[in-house]
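Engineer: Here is my input; please provide its structure:
(chains A and B)
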2 protein chains.
Amino acid sequence: MKKFNTSPISGMQELTPALQAEFDRLKAGIAAAYHAHGFLHIETPMIERTEVLLAKAGGDTEKQIYKVVKTTESAEGADQALRFDHTVPLARYTVEHQNELAFPFKVTQIARNFRGERAQKGRFREFYQCDADIIGWGELPISYDAEVIATLVDAMRVLPFPKVIVRVSNRKLLNGLLEELKLEAVASEIFSIIDHAEKVPAEKTVAALQDLGISVENVVKITTFMQIHGALDEVLAKLHGLDVQNTTFTEGLEELQTVLELVPQLVQSEQAEVIADMLIVRGLDYYTGTVFETIAPGYEEIGSIGGGGRYENLAGYYTDQTMPGVGGSIGLTRLFWALKEHELVKVTDVQPVDVCLVPISANEYAAAAGLAKQLRAAGKVVDLVLTKKKLGDKLKYAAKVANYVAVIGEEEVESGVYKFKNLKTGEDSFSI
Amino acid sequence: MKKFNTSPISGMQELTPALQAEFDRLKAGIAAAYHAHGFLHIETPMIERTEVLLAKAGGDTEKQIYKVVKTTESAEGADQALRFDHTVPLARYTVEHQNELAFPFKVTQIARNFRGERAQKGRFREFYQCDADIIGWGELPISYDAEVIATLVDAMRVLPFPKVIVRVSNRKLLNGLLEELKLEAVASEIFSIIDHAEKVPAEKTVAALQDLGISVENVVKITTFMQIHGALDEVLAKLHGLDVQNTTFTEGLEELQTVLELVPQLVQSEQAEVIADMLIVRGLDYYTGTVFETIAPGYEEIGSIGGGGRYENLAGYYTDQTMPGVGGSIGLTRLFWALKEHELVKVTDVQPVDVCLVPISANEYAAAAGLAKQLRAAGKVVDLVLTKKKLGDKLKYAAKVANYVAVIGEEEVESGVYKFKNLKTGEDSFSI
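Structural biologist: Got it, this is the predicted structure:
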């Protein structure tokens, strides 16, 4: 009988060992791809000074933040809190360790972050983010934006999607267009409307734009812009066709071209299609140039599988030194939950243990231990059953954890020949 | 100029990328050894209900615990807190998922825990514990104690010690002796005195025992017992020589023998010596049988490198079901700090990036990107310099992150032949 509620706190992922192994495999695959692209792994503490965490953050972040206190302290003045993303600790880290780093600093953080959100389906309070960032010292050429996108795309090869589509835009295009139309005053509202455009009917988007007092002529220009997407050449032609003379727009155009020409040359993955798509703005306000998101055709309702963009200055709150950056992130906890929902996670096929050795009695422990040692030295994952249960029970255990089983009795010890049975097919597979 | 204190909170480990890579290598080595022995990896949330965390804990733990609160809540009634070890979450997890697990449940957790201790040299508030545990359902044969010890010993192969000594005892021996001497009433005080005996002069230990009102005759018996250590046969002879008839003692003797006979058969490591040592009791009160600690000869002041033991019942606070367990742990954050202090961590030799490609101008980006793709496909970690700096600056960057560099100019693109220079020796090493 249970004496306590033993479920994890709601909003926390907790997996069985088989699912954990699959989660770990995806995480390792992402880490390996980041590493292959030359990103260096760092870990920052999960607890930071509240003033560091909230230096930049707005009201929503402050509401969601978990403060950390000792029993005797009050929450009000709590000067420590759990980080809610990797970006703020990365800014602090980069300033702190600037003399020990080589710039551009290519860096990856893959770990848990915390947000005290209202718990709901697919929303987690403790969640893995797999981040890759490149931080420049003073300046950072636009080509690095392509490298970040290529890195994320290569990392996605470990995911069970037959195809992914990377949708890339550049915020300077929309900013330039709005400057040209003299709509800077309502720019953030327009960004938000475009950000949500895919989730509402087209009329609603038009109505929302008109509600801002934008002329019909300009609404048409904006909606025409929004709908531009596809292969680079095609998109460039259409963007040139808008006849926007503004320098911000022109800069955005050149950057988009540079990035989209370089990405395919850098990407190893054959699973990815990289397109330009003016619908992509990304809600977060700190992006200043390149922005990108990724979807899997057929699984659009999962939403963005990974995305990111360029930010003008990583650590402006902590130092006078300008550090432009570009980064991308895969939200693995939410994504893994979505993969399970879509039955894209398979765990029943392969057991975590290669071979389970079952000595019939304690008389065979020495021989079984010697065999375990030998198999482990050869790189095998070996479990050794040392219970005094009936053979049938031992075999049941073996079938739950392992792919192969070898029963070790007097005969086997004497002959030195061990038979391995495939636990899925029930057939004797090999002997050593 | 810095505008903020950007150092991490005191008591938190934060490493440069090169040190992080070394830390990661040790962590991965430990994880691989645990896995090879058939331990399944799980992750439990870092935040748990306070009532779950404190169900068993005493006053010190409650004082050290970090409560987690939202801005508007008070610390006093905080019902969530950061876990301070892996054992309590494991107990909750095992009860919660009992129907999805195979018992004995061989499980590993390698992650960060949190204690709000006073910050001091070598003490961390956020620290990695690398745990391996085996949990039985109702019962768990003593042979599994040997498997846990063997697993930890094999995990220690990744550490830079030429030799480690595993010191094993069984609490039933001392408990049985104290029953025989009718000293049960002061047993916990005696355990504590023996636990500290190595850190104080022998007279102090004798005086402390006498202060408890123990007769000279019995003090001699206890100190004689304490000093018994060495190879199994020798220790067994000496323990038999004490002529203790008590059944608890006899049980301890048999268990110690079983464990110490089996461990060497299971261990792959050639770095380890496994001895019996009656000085080992381990401070924590929940061990009930086997206890062990590990030291590295020549580095005794580092203290125990890893240890653990048998506990009668993992989850008695959460369920009526008896679940005996045996586990071991390597405190990697503290250990890594000690390795650095003893200059046993080497980071300057190998760079994290295999090859750094340096295109001379943007005209060579396409060729460099193609080469990067090709090398990454072959498993190499490749960085690609896309800055517009002078060649000298690009090469300085390459030397900071990579082992080899290839400069890619017009000539290389035309010929398709790329020369790789060894950045340590300065010599041209190979071409492709």
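
Engineer: residue closest to the middle of chain A?
Structural biologist: Closest residue to the average C-alpha location of chain A: residue A:330 at 1.6 Å, with Cα atoms, centre = their mean.

Engineer: Any buried residues in the worst-scoring helix or strand of chain A on mean pLDDT, and which?
Structural biologist: Every helix and strand in chain A was compared by mean pLDDT, DSSP states H and E; the lowest is helix A:59-64, with a mean of 74. The neighbour-count check on helix A:59-64 (16 or more other Cβ atoms under 10 Å in any protein chain shown) flags residue A:64 as buried. Yep, even glycine has a C-beta here, placed from its N, CA and C like the rest.

Engineer: list the helices and strands it packs on?
Structural biologist: Helix A:59-64 makes packing contacts with no helix or strand when contacts are defined by 3 or more Cβ pairs under 8 Å, 6 or more residues apart in numbering or on different chains; DSSP states H and E.

Engineer: List the neighbours of that helix that are in contact with it.
Structural biologist: A:54, A:84, A:115, A:116, A:117, B:70, B:71 (Cβ atoms under 8 Å, 6 or more residues apart in numbering or on different chains).

Engineer: Kindly report the same for stretch A:423-431.
Structural biologist: The set of residues that contact stretch A:423-431 without belonging to it, under Cβ under 8 Å, 6+ apart, is A:351, A:398-399, A:402-405, A:417-422.

Engineer: isn't residue A:16 right next to residue B:100, touching?
Structural biologist: Yes - at 4.8 Å, residue A:16 counts as touching residue B:100 under the criterion of Cβ atoms under 8 Å.

Engineer: Number of residues surrounding the closest residue to residue A:169 other than its chain neighbours?
Structural biologist: Here the nearest residue to residue A:169 in space, its sequence neighbours aside, is residue A:280; by Cβ to Cβ, 6 or more residues apart in numbering or on different chains that works out to 4.3 Å. A total of 25 residues lie near residue A:280 under the criterion other Cβ atoms under 10 Å in any protein chain shown.

Engineer: so residue A:280, which of the three states?
Structural biologist: Applying DSSP: H, G, I helix; E, B strand; the rest coil to residue A:280 yields a three-state assignment of coil.

Engineer: next one: residue A:369
Structural biologist: Following three-state DSSP, residue A:369 is assigned to helix.

Engineer: For burial, what's the neighbour tally of the nearest residue to it once chain neighbours are set aside?
Structural biologist: Nearest non-adjacent residue to residue A:369, counting by Cβ to Cβ, 6+ apart: residue B:265, 3.8 Å away. For residue B:265, the neighbour count with other Cβ under 10 Å is 16.

Engineer: Convert the C-alpha atoms of the least confident helix or strand of chain A to PDB, please.
Structural biologist: In PDB, the C-alpha atoms belonging to helix A:59-64 read as follows (Å, rounded to 0.1, in the frame of the first residue of the first chain):
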ATOM      1  CA  GLY A  59       6.800  40.800 -16.400                       C
ATOM      2  CA  ASP A  60       5.800  37.300 -17.600                       C
ATOM      3  CA  THR A  61       9.300  35.800 -16.900                       C
ATOM      4  CA  GLU A  62       9.300  37.300 -13.500                       C
ATOM      5  CA  LYS A  63       5.900  35.700 -12.800                       C
ATOM      6  CA  GLN A  64       7.100  32.300 -14.100                       C
END
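
Engineer: if I pick the closest residue to chain B within the stretch 151-300 of chain A, what's in contact with it?
Structural biologist: Ranked by Cβ to the nearest Cβ, the top residue of the stretch 151-300 of chain A for proximity to chain B is residue A:265, at 3.8 Å. Neighbouring residues of residue A:265 by Cβ under 8 Å, 6+ apart: B:365, B:366, B:369, B:370, B:373.

Engineer: how many other residues sit next to the first one?
Structural biologist: Applying other Cβ under 10 Å, we find 21 residues neighbouring residue B:365.

Engineer: which residues in the stretch 1-150 of chain A form helices?
Structural biologist: Remark: helices assigned in the stretch 1-150 of chain A by DSSP state H, counting those that start in this stretch are A:17-36, A:50-53, A:59-64, A:87-96, A:143-155.

Engineer: Mind checking if the first one is in reach of chain B?
Structural biologist: Yes - in terms of Cβ under 8 Å from any Cβ of the partner chain, part of helix A:17-36 sits within range of chain B, namely A:17, A:20, A:21, A:24, A:35, A:36.

Engineer: tally of neighbours for the closest residue to the third one other than its chain neighbours?
Structural biologist: If the residues on either side of it in the chain are set aside, residue A:21 comes closest to residue A:352, at 5.3 Å by Cβ to Cβ, 6+ apart. Residues near residue A:352, counting by other Cβ under 10 Å, number 20.

Engineer: correct me, but residue A:352 touches residue A:400?
Structural biologist: No - with contacts defined as Cβ under 8 Å, residue A:352 does not count as touching residue A:400, sitting 10.3 Å away.

Engineer: What parts of the stretch 151-300 of chain A come near chain B?
Structural biologist: A:154, A:262, A:265, A:266, A:267, A:268.

Engineer: Give me the pLDDT for the second one.
Structural biologist: Same thing as residue A:262. pLDDT, residue A:262: 95.

Engineer: what about it, is that helix, strand or coil?
Structural biologist: The assignment at residue A:262 comes out as helix when based on three-state DSSP.

Engineer: related to what we said a few turns ago, let me have the helices of the stretch 1-150 of chain A in JSON lines, extended by distance to residue A:204.
Structural biologist: As requested, the helices of the stretch 1-150 of chain A are arranged in JSON lines below (distance: least, Cβ to Cβ, whole Å):
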{"stretch": "helix A:17-36", "distance to residue A:204": "36"}
{"stretch": "helix A:50-53", "distance to residue A:204": "36"}
{"stretch": "helix A:59-64", "distance to residue A:204": "24"}
{"stretch": "helix A:87-96", "distance to residue A:204": "32"}
{"stretch": "helix A:143-155", "distance to residue A:204": "31"}
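
Engineer: Could you say which of those is packed most deeply?
Structural biologist: Among the helices of the stretch 1-150 of chain A, ranked by average contacts under mean count of other Cβ atoms under 10 Å in any protein chain shown, first place goes to helix A:143-155 (a mean of 27).
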